[in-house]
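Trainee: Fold the following.
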Amino acid sequence: MKYMLLVLLLCAIRITQASEHYIILESPNFELVQDTFFSQSVDFTSLPENKVMSLTYWGNNPKVEIIYNGDNLFVSQKGNSFERVYLQFGEKIKTISFNIQTNPAIYTEEYIQLHKGTVSVETPEVYELNNIILALADKFHQANYRMYAQGEYYADVLTWFSTFKDHEIFMRLNDVDYYSFVENAVAYEFNGDQIQQSSVYKGFRVTDNVKGNISVLEDFAKKSDFKTFYKQHHSYYSTLSNTFQSGARPKDIWHWLEANFPGRPEFR
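Mentor: Okay, the predicted model is just below:
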């Protein structure tokens with residue numbers, strides 16, 4: 001710590017080293033701007049000792065701009081999935097740590113040609129498996145995320161899976177973030193009874209709560225015979241897809257957006 005303070009005092013207001021950045025604040029107030037759109041004023045005195053932020057990729061490399069002392073600092077992916085900013089005000093130092101998501105998909109030329117101009121609405125296996133697990137964990141679907149808990153399909157889920165609620169996977173959900181558990185499930189697929197990373201998608205949230213639970217998810221799926229349940233309800237998933245396609249008309253929305261907003265955002 002003494003060495004760090006010496007560096008801060010001897011060098012300019014900002015020093016950037018690989019994935020670490022150093023800032024000396026002249027006042028306790030600064031701005032955090034995420035992806036140029038979302039801005040918040042921050043008071044150093046109320047900042048946690050180590051604030052952690054997750055930067056999600058939405059089509060461009062995620063970026064954060066820290067505006068301070070009439071200057072600014074940009075934090076972006078640049079090959080790193082983790083970066084940290086040290087901020088000093090007076091004699092106190094605090095940190096903001098950034099978990100940074102890289103491009104969540106790799107589209108080969110073959111994949112692009114196969115899917116070009118198409119819109120698909122699907123219920124992927126691992127995605128539905130994780131939704132079912134959270135639906136069974138009452139506090140998640142009832143209190144936090146308002147998952148749809150009515151109808152014949154929901155009743156089928158309870159009938160089929162309720163006897164497995166003592167499975168280990170439910171003991172791991174206390175600290176699980178809903179979005180990183182469900183949305184990142186799309187980046188995984190079954191190969192037989194094994195769950196493996198998709199060849200196309202890497203994930204849709206920075207924190208991946210699927211990866212560390214793969215063996216437990218595989219075990220739950222096997223013991224509950226999830227794949228048989230999924231196959232038996234294939235027609236239901238198809239009905240959902242058709243209903244969404246005809247009701248929301250996503251391709252028409254796509255064409256309207258292309259026609260009315262032809263430009264592409266430029267991120268600094």
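Trainee: For the spatially closest residue to Asn50 that is not a sequence neighbour, which three-state class applies?
Mentor: Nearest non-adjacent residue to Asn50, counting by CB to CB, 6 or more residues apart in numbering: Thr95, 4.8 Å away. C-beta coordinates here come from the backbone N, C-alpha and C atoms, glycine included. Following DSSP: H, G, I helix; E, B strand; the rest coil, Thr95 is assigned to strand.
Trainee: Tell me if I'm right that Thr95 and Gln88 touch.
Mentor: No - the pair Thr95 / Gln88 is not scored as a contact, 10.3 Å apart, by CB atoms under 8 Å.
Trainee: Can you show me the helices along the chain?
Mentor: Remark: helices assigned in the chain by DSSP state H are 2-10, 109-115, 125-136, 138, 151-161, 178-182, 214-224, 226-232, 234-248, 250-260.
Trainee: and for stretch 197-207, what are the contacting residues?
Mentor: By CB atoms under 8 Å, 6 or more residues apart in numbering, the surrounding residues in contact with stretch 197-207 are 54-56, 99-107, 111, 177, 179-180, 183-184, 186-189, 210.
Trainee: again, only this time at 6 Å
Mentor: The list of residues contacting stretch 197-207 from outside it, by CB atoms under 6 Å, 6 or more residues apart in numbering, reads 54, 56, 99, 101, 104-105, 177, 179-180, 183-184, 187, 189.
Trainee: JSON lines for those residues, including pLDDT and neighbour count?
Mentor: As requested, the contacts of stretch 197-207 are exported to JSON lines (pLDDT from 0 to 100; neighbours: other CB atoms under 10 Å):
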{"residue": "Ser54", "pLDDT": "87", "neighbour count": "16"}
{"residue": "Thr56", "pLDDT": "84", "neighbour count": "19"}
{"residue": "Asn99", "pLDDT": "88", "neighbour count": "16"}
{"residue": "Gln101", "pLDDT": "85", "neighbour count": "21"}
{"residue": "Pro104", "pLDDT": "82", "neighbour count": "20"}
{"residue": "Ala105", "pLDDT": "87", "neighbour count": "13"}
{"residue": "Asp177", "pLDDT": "76", "neighbour count": "15"}
{"residue": "Tyr179", "pLDDT": "81", "neighbour count": "16"}
{"residue": "Ser180", "pLDDT": "84", "neighbour count": "20"}
{"residue": "Glu183", "pLDDT": "89", "neighbour count": "20"}
{"residue": "Asn184", "pLDDT": "92", "neighbour count": "25"}
{"residue": "Ala187", "pLDDT": "94", "neighbour count": "22"}
{"residue": "Glu189", "pLDDT": "97", "neighbour count": "18"}
